[in-house]
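Student: Mind looking at a prediction? Sequence and model below.
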Amino acid sequence: MGTSEIPVDPQRVVVLDTDKIDTALSLGVTPVGAARASEAELPSYLGDLSGVTVVGTTAEPDLEAIENLEPDLILGSKFRQEAFYDELDAIAPTVFTEQVGLTWKENFLLDGDALGKADEAAQLLADYEARAADFGASLGEAIGTEVSLVRFMPDQIRFYGPDSFSGIVLGDTGLARPELQLLEGAEDRRFGEVSAEEVDTLGGDVIFYCAYGDDGAAKLAEYTGGELWQSIAAVRAGEAYAVDDEVWMTGIGVTAAGLILDDLQTYLGA
Amino acid sequence: MTSLKLQGRTAIRAGRYSVTLHRRSAAACALLLVLLAGAVTAALCLGDTYITFADMTATLTGTTGYDRTVEVLRLPRTVLAVAAGAALALGGALIQSVARNPLASPDIVGVTAGAGLAATAAVVLGYALLAPLALAGGLAAAALVLLVAARGSLSAPRFVLAGVAVAVLLKSGIQLLLLSADAIDAQRAQIWLIGTLGGRGWTEAAFLGGSLALALPFLLWAQRALDTTDLDDPTATGIGVRVTGQRIGLAVLGVALASAAVAQVGAVEFVALAAPQIARRLARTPRPPLLASALTGAVLLVLADWLGRTAFGDYQMPAGVLTAALGGVYLLYLLLTKGTRNEKKTAGLRARIGLRARAGRVRDVRPGH
Amino acid sequence: MLIAARMPRPAATARGRRAACGIAAVALGVVVVASLAFGARDLSLAELWGGLTRTDPIAAAVVWEQRLPRTVVGLLAGAGLAVAGVLMQTLTRNPLADPRIFGVASGAGLGVVIGLNVLGLTGIGEYVWLGIAGALAAGVLGYAVSTVAARTTGGGPATYALCGAAIDASLSAVVYAVLATDVQSFDQYRFWAVGSLAGRGADIAAGMAPFLLAGLALAFLAARGLDGLQLGEAAAAGLGHRVGLTRAAAAVTVALLTGAAVAAAGPVGFIGLAIPHLARWAVGAGHRTQLAMSLLLGPAMLLAADVIGRVIVPGEAPAGIICAVIGAPILIALVRRARTVTA
């Protein structure tokens, strides 16, 4: 993808994927522009983003709107904007990360470096990891609790494995996962799919579940109201918790990871 | 109907038309060039940033503050729109001429879907050589349509109907491939459901420009060849033209150009259908004139791309959405007017109606003399 | 009428017709059982029975919450699309008429998408109305356009099919444009645009049922008038049929059936094309028997496609794709067998 001269202390940053918004704000940089992932606009868990201009969608960024913001740095993702690299790089130095999710810590450090805040990024990441480890240690024997991660999509039900963002956060705490959700031997260990007929086979002592978009929320309401879901041991024990999809799934970054730890503290902490 | 009668009448017509046709065509081409210049100017000047005409031309010849906006963000995709629009329209004009049916455009008879299916397969299965595969896909689809339609004599409506059926089948194939694809491959391959110029530029434009340059000698040959294939079959064979070989050559050229465009910009529908017929009406020729068709296609796609990226706020509407929506309306218009009349009748009727239509045309053009 | 013209037709005798109906009923029974028996979860016959009788709570949840509603949606949508196809083919006197090919399904789809994404409706009981209105608008538009077009072009199946293709293309592009302003939606679009029964729950089945049943009842009420229409308008009027009324009733019925079927299952194609031909071949052109046969065969085709989609690939292939793969060759066969395509 070519190399870019990156300014030492970028002031006007445009971010083109949801994880970059988290990254920039975690490091105290408010982007001038951001691409939206859906009509739901920019993620709400990051607080008031009314000063951030929306520059199209993550799939088709509005290049001229980006240009008009006169950015000095663009953070994007090869996964989303591969075709637009040449145009973006002509507007401002552009840094693309390769993958989404699995490499979120590397992405955070790379983007932090690009933002001229490499040390702060490393420090924030270390703080987060220390907090995750402390939380795990504070659980004592409860660290063996198997945590199930379920997400309702409009057309499928997914469980999230150890290479997904929230799976990595769980891994950092040392919490156990149901065997199915470890995706042993699978090439892609980010997530797997389960049929609506088999939601009771997901396993886990505690379930965190969320829904992607309005259609996903409709599916969530439908399936979690069903007898099959109600037959799950964790559900019967009252250990199934609805969580924020923006934080656990689409967010991706140290701020989101911190909020996941907050949720874990609330529901699992002594 | 005897071939002798047809032959005599056609000869007179050819003589008459050789005067009027060229004048009208030349005038139409001049008008289209002006329109194209206007469309390109709009695409280069108007957007989130307004650039005056003077600044724009100064940017193209030298350096101004708008170099990046014009030369990186607007010019490449506009040039690509010109090339792709021209290639699609030429493909449409050739195939419509060979089939003697204005509805036999690459998008309706499955060529676009065939090229798209092959391209989607290339992306999803991870093959290189996307462009040659798309070409092979387009040709295979055309062959399949001919195979389905061929039964005794090849009638034009049956050809179109067979094309519609094959197109539906191939589009289902694309959808099936997309459903089974990885998210990233599906994202890359989705342009074969709805075409777009977003994120595309010089690379694609160079490929298409090269293809058009390569095709130029063949297009010059096609221009001459079309003058004879426009005649009814018995007449053409009667005056010793190798109809079959020539037709195959023209059709292959048309399919190749359309497939090349589809490989680069995806399924931008209906440009290939509409452009040749608009050009034909402007030039008042019995078949789509090639140069005017190419210019019309370029104008249409430049406008669609420009509107798509400027008229919907921060949302970048793919050009293919606009061409499909407007092209569908245009197709209805085509069906509602006499545009399809000549071609759709049986041979006997065609001769009768042809006489009437021709009388009308002669009257039409006289005031212009 | 066109397909398999040279094969011996069971329609020739009353006994043959009864046998054909019997075979169709058995076929439908088999696919209904298959639809309840096959799925992501392996259920033995004993478990299936336990589920149906609610003695095995897990199997009962699978059968009653997942497979039964989906099967009911398949039964209703398949019947609706097939019957709509019969009506359209008679109304237009065109062997290629089908809700999908004629753009009626796209009209219904656009209505539903506007209801869901623009107006923010959530229940099928709300957006089904928009689906029906969209189907009616697209149907009337397509009919008007192709009638005028037929006057200038001499008509024929190609004209009708092209009018449909034009409407379908325009409306599908608008559907895409409405959905694509949201990044989530391309995914939704590519799943929605083909039609599927996956995840259709009891609320969908219950929401669509009244409209479908009303449409089916209307279709049977119109059967005699349709028989008259088949003879041509003048002959029908001469025999005392109220041609205008029959046409209007049939058009409203097509909109009801297509609108509700599309709202529930998406724009599934080819059922309305293929089934009427099969039904006519089996039981002849009389509308009561033809409709009855379509009522059996339409659901059988949609459910069979759904079951095949569940079984052939890991995950699931949507029923709409399977229908297209089965149906496109039928369309091609119809094109090839048509003796003359300029009507």
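Tutor: Now that the structure is in, tell me what you want to look at.

Student: If I look at the residue of the stretch 51-200 of chain A at minimum distance from chain C, what pLDDT would I see?
Tutor: Closest contact between the stretch 51-200 of chain A and chain C, by CB to the nearest CB, is at residue A:195 (3.0 Å). All C-beta spots, glycine's among them, are computed from the backbone N, C-alpha and C. Turning to residue A:195, the model gives it a pLDDT of 83.

Student: ok, it touching residue C:38?
Tutor: No: the criterion here is CB atoms under 8 Å, and residue A:195 misses it with residue C:38 at 11.7 Å.

Student: Skip the chain neighbours and tell me the closest residue to the residue of the stretch 51-200 of chain A closest to chain C.
Tutor: Take residue A:195 and drop its neighbours on the chain: the residue closest to it by CB to CB, 6 or more residues apart in numbering or on different chains is residue C:40, 3.0 Å away.

Student: For that neighbour, the count of nearby residues, please.
Tutor: The number of residues packed near residue C:40 is 17, by other CB atoms under 10 Å in any protein chain shown.

Student: check contacts around it.
Tutor: Contacts for residue C:40 (CB atoms under 8 Å, 6 or more residues apart in numbering or on different chains) come out as A:194, A:195, A:196, A:197, A:198, C:310.

Student: let's go with 7 Å and repeat that
Tutor: A:195, A:197, A:198 (CB atoms under 7 Å, 6 or more residues apart in numbering or on different chains).

Student: Show me which residues of chain A sit near chain B.
Tutor: A:54-57, A:59-60, A:62-65, A:67-68, A:79, A:83-84, A:86-87, A:90-91 (CB under 7 Å from any CB of the partner chain).

Student: the helices in the stretch 151-300 of chain C, which residues?
Tutor: Per DSSP state H, counting those that start in this stretch, the stretch 151-300 of chain C carries helices over the ranges C:157-180, C:184-192, C:202-221, C:223-230, C:233-238, C:243-265, C:271-283, C:287-312.

Student: These into TSV, with extra columns for mean pLDDT?
Tutor: Shown next, in TSV, are the helices of the stretch 151-300 of chain C (pLDDT from 0 to 100):
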stretch	mean pLDDT
helix C:157-180	78
helix C:184-192	62
helix C:202-221	92
helix C:223-230	85
helix C:233-238	78
helix C:243-265	90
helix C:271-283	89
helix C:287-312	91
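
Student: The ones you listed into JSON lines, with extra columns for distance to residue A:178 and mean neighbour count?
Tutor: JSON lines is the format used below for the helices of the stretch 151-300 of chain C (distance: least, CB to CB, whole Å; neighbours: other CB atoms under 10 Å in any protein chain shown):
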{"stretch": "helix C:157-180", "distance to residue A:178": "35", "mean neighbour count": "25"}
{"stretch": "helix C:184-192", "distance to residue A:178": "27", "mean neighbour count": "21"}
{"stretch": "helix C:202-221", "distance to residue A:178": "29", "mean neighbour count": "19"}
{"stretch": "helix C:223-230", "distance to residue A:178": "57", "mean neighbour count": "20"}
{"stretch": "helix C:233-238", "distance to residue A:178": "67", "mean neighbour count": "14"}
{"stretch": "helix C:243-265", "distance to residue A:178": "34", "mean neighbour count": "25"}
{"stretch": "helix C:271-283", "distance to residue A:178": "41", "mean neighbour count": "27"}
{"stretch": "helix C:287-312", "distance to residue A:178": "25", "mean neighbour count": "24"}
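
Student: nearest to chain B, of these?
Tutor: Closest among the helices of the stretch 151-300 of chain C, once you apply CB to the nearest CB, is helix C:157-180, at 3.0 Å.

Student: Who are the packing partners of the closest one?
Tutor: helix B:156-180, helix B:319-336, helix C:104-113, helix C:124-153, helix C:184-192 (3 or more CB pairs under 7 Å, 6 or more residues apart in numbering or on different chains; DSSP states H and E).

Student: Say whether chain A is contacted by the longest one.
Tutor: No: with CB under 7 Å from any CB as the criterion, chain A is not reached by helix C:124-153; the gap is at least 10.8 Å.

Student: on that earlier part again, name the member of the contacts of residue C:40 with the most neighbours.
Tutor: residue A:197 (21 neighbours).

Student: What about the nearest residue to it once chain neighbours are set aside? Give its phi and psi, please.
Tutor: Among residues not flanking residue A:197 along the chain, residue C:41 sits closest, at 4.1 Å (CB to CB, 6+ apart). With angles defined as degrees, to the nearest 10, residue C:41 sits at phi -100, psi 130.

Student: Please apply the same query to residue A:55.
Tutor: According to degrees, to the nearest 10, residue A:55 has phi -120, psi 60.

Student: That one - how many residues pack around it?
Tutor: 27.

Student: What confidence value was assigned to it?
Tutor: If you check residue A:55, the pLDDT there is 91.

Student: got it, and residue A:130?
Tutor: Residue-level pLDDT assigned to residue A:130 equals 96.

Student: Low-confidence regions, the stretch 151-270 of chain A specifically.
Tutor: A:270 (pLDDT under 70).

Student: Please name the nearest non-neighbouring residue to the residue of chain B found nearest chain C.
Tutor: In chain B, the residue that lies nearest chain C is residue B:328 (3.0 Å; CB to the nearest CB). Spatial nearest neighbour of residue B:328, chain neighbours left out: residue C:170 (3.0 Å); criterion: CB to CB, 6+ apart.

Student: again, but for residue B:136
Tutor: residue B:118 (6.1 Å).

Student: separation between the one you found and residue B:125?
Tutor: Distance, residue B:118 to residue B:125, by CB to CB, to the nearest Å: 10 Å.

Student: Among those two, which residue is more densely surrounded?
Tutor: residue B:118 (29 against 11).

Student: so which strand or helix has that one?
Tutor: Using DSSP states H and E, residue B:118 sits within helix B:111-125.

Student: same deal with residue A:209?
Tutor: Here residue A:209 sits within strand A:206-211, counting by DSSP H and E.

Student: Give me the residues contacting that strand.
Tutor: A:145, A:147-152, A:217, A:219-220, A:234-235, A:239-245, A:248-249, A:267-268.

Student: Just the buried subset of those residues, written out for PyMOL, thanks.
Tutor: The buried subset of the contacts of strand A:206-211, as determined by 16 or more other CB atoms under 10 Å in any protein chain shown, is captured in PyMOL by this line:
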select buried, chain A and resi 145+147+148+149+150+151+152+217+219+220+234+235+239+240+241+243+244+245+248+249+268
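
Student: Sort out for me which of the contacts of strand A:206-211 are in strands.
Tutor: Per DSSP state E, strands hold the following members of the contacts of strand A:206-211: A:147, A:148, A:149, A:150, A:151, A:152, A:240, A:241, A:242.

Student: hmm, which two among these are most spread apart?
Tutor: A:147 and A:152 (17.3 Å; CB to CB).

Student: Which one of the residues in the stretch 151-270 of chain A is closest to chain B?
Tutor: Closest point on the stretch 151-270 of chain A to chain B, by CB to the nearest CB, is residue A:188, at 8.8 Å.

Student: so how far is residue C:289 from the residue nearest to that residue when sequence neighbours are not counted?
Tutor: Spatial nearest neighbour of residue A:188, excluding adjacent residues (CB to CB, 6+ apart): residue A:163 at 7.6 Å. According to CB to CB, residue A:163 stands 59 Å off from residue C:289.
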